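Asker: Got a sequence here, can you model it:
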Amino acid sequence: MKSIVIYFSKTKNTKTIAGVMAKTLQTKAIPLNLITKKGRGTEEEREKEKKFFSRALAVGKRADFIVIGTPTSFQKAHSKITRFTRDVEAKNVALFCTYYNKVGTTLTDLETMLKNRNINVVGSLDIGNLKPGQFKELDEPTQNKYIKSAKEFIKHCKSNLKNGNKKN
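Answerer: As a prediction, the model looks like this:
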């Protein structure tokens, strides 16, 4: 089964979790963003991001299973992830988000978008209580708790895929 992890990360929390999930799936994690600093970046950086976005859509089209990750932005998915989710052609998708205070409708909005297009959602996971960029500053036991949760989520999704189940 060909799997891929696609994510957007502003402060590296989502990137870290996406990396754990990709490693668990023995695949790659593809970012949708290169620009992490505030602002829109240079014209060259924006062109590179467009290419990353197109590449992610192309890779997603060939995958049997896609994990999509986003930070919350005003209790919603980041706009690039929303656009990716709207455009992706996929068979099976799992969703995750990282947030600090409130998850809002981040995952439910994405899930609804996918289900309305008859894309199978095999799981969703919200990873909360992470301040921007905090993951690297956490003590090892706390980091391990988040890592364990990400690995268990992927195992749960793979089980759902194997058994032909949708999200429970």
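Asker: Flag the shaky bits of this protein, pLDDT-wise.
Answerer: Of all residues in the chain, those with pLDDT under 70 make up the ranges 34-40, 165-168.
Asker: Could I get the buried residue list for the helix ranked longest in the chain?
Answerer: Taking DSSP state H as the assignment, the helix of the chain that covers the most residues is helix 140-162. For helix 140-162, a neighbour-count test (16 or more other C-beta atoms under 10 Å) marks 146, 147, 150, 153, 154, 156, 157, 158, 160, 161 as buried. No exception for glycine: its C-beta is placed from N, CA and C like everyone else's.
Asker: Likewise for stretch 64-84?
Answerer: 65-73, 76-78, 80-82, 84.
Asker: again, but for stretch 99-111
Answerer: 99, 103, 104, 106, 107, 109, 110, 111.
Asker: measure the first one to residue 70 for me?
Answerer: What that stands for is residue 99. 9 Å (C-beta to C-beta, to the nearest Å).
Asker: what sits in contact with each of the two?
Answerer: Shared contacts of residue 99 and residue 70, defined by C-beta atoms under 8 Å, 6 or more residues apart in numbering, comprise residue 106.
Asker: mind listing the helices for this protein?
Answerer: 13-25, 43-62, 79-87, 106-115, 140-162.
Asker: Quick one: these as a markdown table, columns for distance to residue 130 too.
Answerer: A markdown table is the format used below for the helices of the chain (distance: least, C-beta to C-beta, whole Å):
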| stretch | distance to residue 130 |
| --- | --- |
| helix 13-25 | 5 |
| helix 43-62 | 23 |
| helix 79-87 | 17 |
| helix 106-115 | 13 |
| helix 140-162 | 8 |
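Asker: Nearest to residue 94, out of those?
Answerer: helix 140-162 (4.4 Å; C-beta to C-beta).
Asker: Now do the closest one and helix 13-25, the angle between them.
Answerer: Here helix 140-162 runs at an angle of 50 degrees relative to helix 13-25 (axes from the mean of the first three to the mean of the last three C-alpha atoms, to 10 degrees).
Asker: which helices and strands does helix 140-162 pack with?
Answerer: Applying 3 or more C-beta pairs under 8 Å, 6 or more residues apart in numbering; DSSP states H and E, we find helix 140-162 packed against helix 13-25, strand 65-71, strand 92-98, strand 120-127.
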